[in-house]
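S.K.: next comes the sequence, and after it the predicted model I'd like to discuss.
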Amino acid sequence: MTFTPKLVALDIDGTLLVNSPDTGQVEELITEPVVAAVNRAYDAGAHIVLATGRSTFGITRIWELLGLPRNGERTISVASNGSVTFRYPPVEVRSTETFDARKIVLMLLEEVPNAAVAVEEVGVGYRLNRPFPDGEISGEMVLQSVEELVAAPVTRVIIRDPHSSEEEFLALAEKLGLQGTNYFIGWTAWLDIAPEGISKASALADIAAELGVDRADVLAIGDGRNDSEMLQWAGRGVAMGQSPLEVQEAADDVTETVANDGVAFELSRWFPVVETPDRATGDVVRRFVATLEARDWTAWAALLHEDVVYELPQTRERVRGRDTFLRFNQEFPGDWHLRAKRVVADGEHGVLWLGARVGDSGEGDAVAFLTVVDGLVTEVVEFWPEGYEPPPGREHLTERW
């Protein structure tokens, strides 16, 4: 297949970020293979567009996790299932689409009188009649009566009933018809209502026209019912492996699940990894973190030179040798976890932005500088935001200077 995507449209939740099977909520974490694949597409000249049901303030953090855009450039995002588009950075609203939601909201509340209703305030948050379950929507929240919520045209309405099921909401939407709107059923009893004719697909068509990209040159990847139109519209629409059957049927192809880095799998078809000294060093650095997080001590030790040196300048500690460095980590106390937030490589040198946490504590940041020679780590120098005294119990593994 001869295909070179000029625009890559990516859903966020369930596509870039993993959803919890129990709550449907996501962890704000994008795996390193996915970050690397998206950046390869960007470096190859493809326009990267995030297309999501999230509001504006829920999208900017995802650009930061991707490390995009770079070099003073700006991106365009599709928010609120197509009702809003904006440029970033900084956030500059590019377009909004509104509709009169009064009739349909009152009709829905006759069927589910205890439902929570939220209308979007673009770039601010939501006005709502009662609180939503924790973590489901974000931004500034203002409680109002239903009449106040729908007194003026809005870009988006969310109907949420924690006591109903996804199947019940599907049946309700079919029963009512919801004429004059475009609607999407979420992962549970969540109904997202947009203006008629507005979707991720309509917003992407407008963006592609501005960028001079033909529809045939668009690659779109998503997992939810609100992605179906986008997948059908794009020159190549790809559903995530865990998508509902109707979403997969709307797509041209199905990739791996989000848990198996489906976005990276698909993007690598069109933007393959090119082995260079920098790439090889970056891969070693990523494996260094991944195997350490997995406590795969055999694989981790295989990445180390036998004379590796590990230094912590803030505590003036130095660890010499692979075996000692291995014991240092095996004996490190607590339920610690690490992730590579960003890796930059140049020849034999790699810089790692590291996220670290212990137990339920919040994640802290560190920066490590690694030297890689012939595929083996020979030196690691690690810095934390603040100086600290070395904890007791590791004197037998370190030397001080």
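M.R.: Everything's here; your move. Numbering: from 1, shown residues only.
S.K.: count of neighbours near Pro391?
M.R.: Here the count is done by other C-beta atoms under 10 Å, and Pro391 has 9 residues near it. Glycine gets a C-beta too; all of them are placed from N, C-alpha and C.
S.K.: where does it land in three-state SS?
M.R.: Look at Pro391: counting by DSSP: H, G, I helix; E, B strand; the rest coil, its state is coil.
S.K.: give the contact list for it.
M.R.: For Pro391, the set of contacting residues under the criterion of C-beta atoms under 8 Å, 6 or more residues apart in numbering consists of Pro333.
S.K.: how far away is it from Phe325?
M.R.: Relative to Phe325, Pro391 is positioned 17 Å away (criterion: C-beta to C-beta, to the nearest Å).
S.K.: ok, now Val373?
M.R.: Applying C-beta to C-beta, one obtains 16 Å for the distance of Val373 from Phe325.
S.K.: of the two, who's got more company?
M.R.: Phe325 (21 against 12).
S.K.: just the element for the more buried one, please.
M.R.: For Phe325, the element it lies in under DSSP states H and E is helix 322-330.
S.K.: and for that helix, what's in contact with it?
M.R.: Defining contact as C-beta under 8 Å, 6+ apart, one finds that helix 322-330 is touched by 292, 297, 300-301, 304-308, 310, 319, 394, 397-398.
S.K.: swap in stretch 114-123?
M.R.: Applying C-beta under 8 Å, 6+ apart, the set of residues contacting stretch 114-123 from outside is 55-57, 80, 83-84, 86, 91, 93, 96, 101, 105, 108-109, 126-132, 137, 139-140, 142, 146, 149-150, 154-164.
S.K.: now, these that are in strands?
M.R.: Residues from the contacts of stretch 114-123 lying in strands, with DSSP state E as the criterion: 84, 86, 93, 96, 126-128, 140, 142, 157-160.
S.K.: can you select the buried ones from the residues you listed in ChimeraX?
M.R.: A single ChimeraX command suffices to select whichever of these are buried according to 16 or more other C-beta atoms under 10 Å:
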select :84,86,96,126,127,128,157,158,159,160
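S.K.: follow-up on the earlier one: so which of the contacts of helix 322-330 sit within helices?
M.R.: Taking DSSP state H, the ones among the contacts of helix 322-330 that sit in helices are Leu292, Trp297, Trp300, Ala301.
S.K.: can you say which of these are buried?
M.R.: Listed as buried from the ones in helices among the contacts of helix 322-330 are Leu292, Trp300, Ala301; burial here means 16+ other C-beta under 10 Å.
S.K.: worst mean pLDDT across the helices and strands of the protein, which element?
M.R.: For the chain, the helix or strand with the lowest mean confidence is strand 181-185, at a mean of 52 (criterion: mean pLDDT, DSSP states H and E).
S.K.: got the angle for the helix or strand following that strand vs strand 92-96?
M.R.: Sequence-wise, the next helix or strand downstream of strand 181-185 (DSSP H and E) is strand 190-195. Here strand 190-195 runs at an angle of 80 degrees relative to strand 92-96 (axes from the mean of the first three to the mean of the last three C-alpha atoms, to 10 degrees).
S.K.: what helices and strands are in contact with strand 190-195?
M.R.: Helices and strands touching strand 190-195, as assessed by 3 or more C-beta pairs under 8 Å, 6 or more residues apart in numbering; DSSP states H and E, comprise strand 157-160, helix 166-176, strand 181-185.
S.K.: ok, now with 6 Å
M.R.: In this structure, strand 190-195 makes packing contacts with strand 157-160, strand 181-185, judged by 3 or more C-beta pairs under 6 Å, 6 or more residues apart in numbering; DSSP states H and E.
S.K.: first to last residue in stretch 106-121, what's the distance?
M.R.: Using C-alpha to C-alpha, to the nearest Å, the gap from the first to the last residue of stretch 106-121 comes to 20 Å.
S.K.: could I get the ones in helices among the contacts of helix 322-330 as CSV with distance to Leu211 and pLDDT?
M.R.: Listed next are the ones in helices among the contacts of helix 322-330 as CSV, based on distance: C-beta to C-beta, whole Å; pLDDT from 0 to 100:
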residue, distance to Leu211, pLDDT
Leu292, 41, 93
Trp297, 48, 94
Trp300, 44, 94
Ala301, 48, 95
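S.K.: wait, which of these is closest to Asp360?
M.R.: The shortest approach to Asp360 among the ones in helices among the contacts of helix 322-330 belongs to Leu292, at 20.2 Å (C-beta to C-beta).
S.K.: show me the residues around the closest one that make contact.
M.R.: Contacts for Leu292 (C-beta atoms under 6 Å, 6 or more residues apart in numbering) come out as Trp300, Leu338.
S.K.: please redo it, this time with the cut-off set to 8 Å
M.R.: With contacts defined as C-beta under 8 Å, 6+ apart, the neighbours of Leu292 are Trp300, Asn329, Leu338.
S.K.: going by distance to Arg225, which of those residues wins?
M.R.: For these, the residue nearest Arg225 by C-beta to C-beta is Leu338; the value is 35.4 Å.
S.K.: pretty sure Leu16 contacts Ile30?
M.R.: Yes - under the contact definition of C-beta atoms under 8 Å, Leu16 touches Ile30, with a separation of 5.2 Å.
S.K.: quick check: neighbours shared by these two?
M.R.: Going by C-beta under 8 Å, 6+ apart, residues that sit against Leu16 and also against Ile30 are Ile62.
S.K.: please report how far Phe57 lies from Phe86.
M.R.: Remark: distance between Phe57 and Phe86 (C-beta to C-beta) = 10 Å.
S.K.: please apply the same query to Leu352.
M.R.: 31 Å.
S.K.: in this structure, which ranges drop under the pLDDT threshold?
M.R.: Within the chain, the stretches falling below the threshold (pLDDT under 70) are 1, 19-25, 176-188, 275-279.
S.K.: domain-wise, how is it divided?
M.R.: Using automatic domain parsing, the domain ranges for the chain come out as 7-96+198-270, 102-195, 277-400.
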